[in-house]
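A.B. asks: here is a sequence with its predicted model. Questions after.
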Amino acid sequence: MKKQRRVHEFKPGSVFYACLVYLFLYLPIFVVIAFSFNTSKMNITFEGFTLEWYGRMFENRQLMQSFFNTVIVAGVSTVLSVIIGTLCALGLYKFEFKLKNVLSTSLYIPIVIPELVFAIALLIFFTSLNISMNMATLIISHVTFSMPFVVITVRARLAGFDRSVEEAARDLGANEFRTFMRVTLPMISPGVLSGGMLALTMSLDDVVVSFFTAGPESTTLPLKILGMVRKGVSPDVNALSTLMIVGTIVILLTSTMIQGRLERKM
Amino acid sequence: MIKSFKKHLGIFGTVGPTMLWLGVFLLIPLIYVIGISFLTKNAYGGVDFTVTLSNYVSLFQSEYGKVFADSLLLSLETTVICLLAGYPFAYIIANAPKKWKPFLVLLLMLPFWTNSLIRTYGWNTLLRTEGIINHFLQWIGVTDRPLEMLYTDGAVLLGMVYALLPFTVLPIHTSIEKLDPSLLEAAGDLGAGKVHVFTRVVLPLTMPGIFAGSIQTFIPSLGFFFISDMMGGAKTMYIGNLIKNQFLSARNWPLGAVLSIVLIVITLILMRLYTRVGSLEDMA
């Protein structure tokens, strides 16, 4: 009888198709980066190589402000999401309580409903309380959609967690705080890190929610580009976008490597 | 007594902040949306506390019917194209040589990590009348005049497929990874041809991934107003843009709230259908 072998090698057709899809995914990114080195002021044809825009972007104060806003909102909302989310995951793992099911289900609401609905809900909410949009409203909104991802990631990590290790630590005389710092936290740290990465990505990627919850002083870089695109975007925007693309990828690749290392230590 | 107090303190200290946060910044705002949908807009773009159903009645105006039909069609087209293009791609990655796999998955995630609006802006640059693609097409002689590609319905569809393809591929990839190779071997040993193995074994077993991927493509596509803003002409109005306009230019918040509730209802129906075949946990 002929045994069918499961092939684990590249077939030319597959390679070609995969390359096409990857090209499709990367083409617009390459274009944004390429035009940041363009001598022409218009983003239409490539005329020559220059680094001029990487210097000029610092003169565009509004643009730099929007870039810093993006970074601050992403940083602060990630830290808040990780703290609140990890605590919640620990609570869900440790305790039984009345509203547990309600809470577990509510966590999926921001994940499942279209961002737009959630964005206008926050807009109505803040406006009706006479709160004008600023950095705080923007950060609050970002935490609301990214924190559930932290809870779910850390919770998944805790689900595969051997309770007897914690008990052993306590039997050996460690108090609860020490047990947490020396046993629980190191065990869940890969989950916390990947939850944090998710939160960071979500915040940096967001357009829809920020569109409604950012004030005139707290606009982010993507919103700035959205406002400019019909009139034409100058290459300093491309330069800054390139920095943002490269920066995000470097940060996330580094965390992926750290995560891999933590994982291997277990 | 002390033990129970300690336990309550523990619960409050851990899940308390999340409960409070979701209550104040998620549930209450959503209740506000429902509430405002029954109120009347006033002449100043604000809201009067007069209860009415007229916002719901106005949904049945024919112009909105067209907006809903166009939006659902666009989302459906996006989902179908993402599935048709994404399934083979997910299959190729899942069956790649072992040492390549992590790299290929990472390569799929990387664009995902950069802002979707910046990437859409890249497409905007590419598709312009004087843009690179038109130059290329004229250079190889496919056309002698530049084609109108940007600001068309096709460009919106392209932008949607582009932004959502990874959302389709990842769940499908996960479900293909979970396939037990011995099942495929068994089917082969029992005499099933390649096509047969695919349609009778692989496809049914990866259905949960297909469903999860479809939902994660279809639902967000309904709200991505910035893609039609950047890629589309003014000819076709989609529901995301219509809602956005009610809150910005038209300042008819009650109508915007009603339209959002329609989106929620569509989402709930789809989720209800989805939970029959898959679990909520697979969505995250």
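C.D. replies: Everything's here; your move.
A.B. asks: mind checking pLDDT for residue 124?
C.D. replies: Just so you know, I chose chain A. Confidence at residue A:124, expressed as pLDDT, is 93.
A.B. asks: try chain B instead
C.D. replies: 90.
A.B. asks: and for residue B:137?
C.D. replies: pLDDT, residue B:137: 83.
A.B. asks: which ones are touching it?
C.D. replies: B:143, B:146, B:147 (Cβ atoms under 8 Å, 6 or more residues apart in numbering or on different chains). Any C-beta I mention is one placed from the backbone N, CA and C, and that applies to glycine too.
A.B. asks: which secondary structure element is home to it?
C.D. replies: helix B:132-139 (DSSP states H and E).
A.B. asks: pull that helix out as PDB, backbone CA atoms only.
C.D. replies: The C-alpha coordinates for helix B:132-139 follow below in PDB (Å, rounded to 0.1, in the frame of the first residue of the first chain):
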ATOM      1  CA  ILE B 132       3.500  54.600  -9.600                       C
ATOM      2  CA  ILE B 133       1.100  52.000 -10.800                       C
ATOM      3  CA  ASN B 134      -0.200  54.200 -13.600                       C
ATOM      4  CA  HIS B 135       3.400  55.000 -14.600                       C
ATOM      5  CA  PHE B 136       4.200  51.300 -14.600                       C
ATOM      6  CA  LEU B 137       1.100  50.300 -16.700                       C
ATOM      7  CA  GLN B 138       1.900  53.000 -19.300                       C
ATOM      8  CA  TRP B 139       5.500  52.000 -19.400                       C
END
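A.B. asks: pull the distance from that helix to the chain's centre.
C.D. replies: Offset of helix B:132-139 from its chain centre (Cα atoms, centre = their mean, to the nearest Å): 31 Å.
A.B. asks: and the next element down the chain from it?
C.D. replies: helix B:153-177.
A.B. asks: in the stretch 101-250 of chain B, where is pLDDT below threshold?
C.D. replies: B:234 (pLDDT under 70).
A.B. asks: again, only using 90
C.D. replies: Along the stretch 101-250 of chain B, the parts satisfying pLDDT under 90 run over B:101-103, B:106, B:109-116, B:125-152, B:177-205, B:207-208, B:229-230, B:232-237, B:248-250.
A.B. asks: contact partners for the residue most central in space within chain A?
C.D. replies: Nearest residue to the geometric centre of chain A (Cα atoms, centre = their mean): residue A:201, 1.4 Å. Counting by Cβ under 8 Å, 6+ apart, residue A:201 makes contact with A:248, A:252, B:112, B:113.
A.B. asks: repeat the analysis, applying 6 Å as the threshold.
C.D. replies: residue B:113 (Cβ atoms under 6 Å, 6 or more residues apart in numbering or on different chains).
A.B. asks: need phi/psi at it.
C.D. replies: When read as degrees, to the nearest 10, the backbone of residue A:201 gives phi -60, psi -40.
A.B. asks: returning to that earlier point: buried sites along the helix holding residue B:137?
C.D. replies: Across helix B:132-139, burial judged by 16 or more other Cβ atoms under 10 Å in any protein chain shown covers B:132, B:133, B:134, B:137.
A.B. asks: which pair in these has the greatest spatial separation?
C.D. replies: Taking every pair in the buried residues of helix B:132-139 and measuring Cβ to Cβ, the maximum separation is 9.7 Å, between B:132 and B:137.
A.B. asks: and the stretch 1-150 of chain B, which residues reach chain A?
C.D. replies: B:11, B:14-15, B:17-18, B:22, B:25-26, B:29-30, B:32-33, B:36, B:89, B:92, B:97, B:111, B:113-119, B:121-126, B:130 (Cβ under 6 Å from any Cβ of the partner chain).
A.B. asks: now residue B:241: how far from chain A?
C.D. replies: To chain A, residue B:241 is 10 Å away according to Cβ to the nearest Cβ, to the nearest Å.
A.B. asks: let's verify that residue: helix, strand, or coil?
C.D. replies: helix (DSSP: H, G, I helix; E, B strand; the rest coil).
A.B. asks: and the nearest residue to it once chain neighbours are set aside, what is it in contact with?
C.D. replies: Leaving aside its chain neighbours, residue B:241 sits nearest to residue B:225 (4.7 Å; criterion: Cβ to Cβ, 6 or more residues apart in numbering or on different chains). Residue B:225 makes contacts with B:240, B:241, B:244, as judged by Cβ under 6 Å, 6+ apart.
A.B. asks: of those residues, which is the most crowded?
C.D. replies: If you count neighbours using other Cβ atoms under 10 Å in any protein chain shown, the busiest of these is residue B:240, which has 28 neighbours.
A.B. asks: okay if I get the contacts of residue B:225 as JSON lines plus distance to residue A:75?
C.D. replies: Output for these, formatted as JSON lines (distance: Cβ to Cβ, whole Å):
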{"residue": "B:240", "distance to residue A:75": "29"}
{"residue": "B:241", "distance to residue A:75": "31"}
{"residue": "B:244", "distance to residue A:75": "28"}
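A.B. asks: what segments of chain B are strands?
C.D. replies: B:40-41, B:47-48 (DSSP state E).
A.B. asks: in CSV, list these along with distance to residue B:169, mean neighbour count and mean pLDDT.
C.D. replies: What follows is the strands of chain B, written out as CSV (distance: least, Cβ to Cβ, whole Å; neighbours: other Cβ atoms under 10 Å in any protein chain shown; pLDDT from 0 to 100):
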stretch, distance to residue B:169, mean neighbour count, mean pLDDT
strand B:40-41, 42, 18, 88
strand B:47-48, 43, 16, 82
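A.B. asks: where in the stretch 151-266 of chain A is pLDDT low?
C.D. replies: For the stretch 151-266 of chain A, the ranges with pLDDT under 90 are A:156-188, A:190, A:194, A:215-217, A:226-236, A:244, A:248-249, A:251-253, A:255-266.
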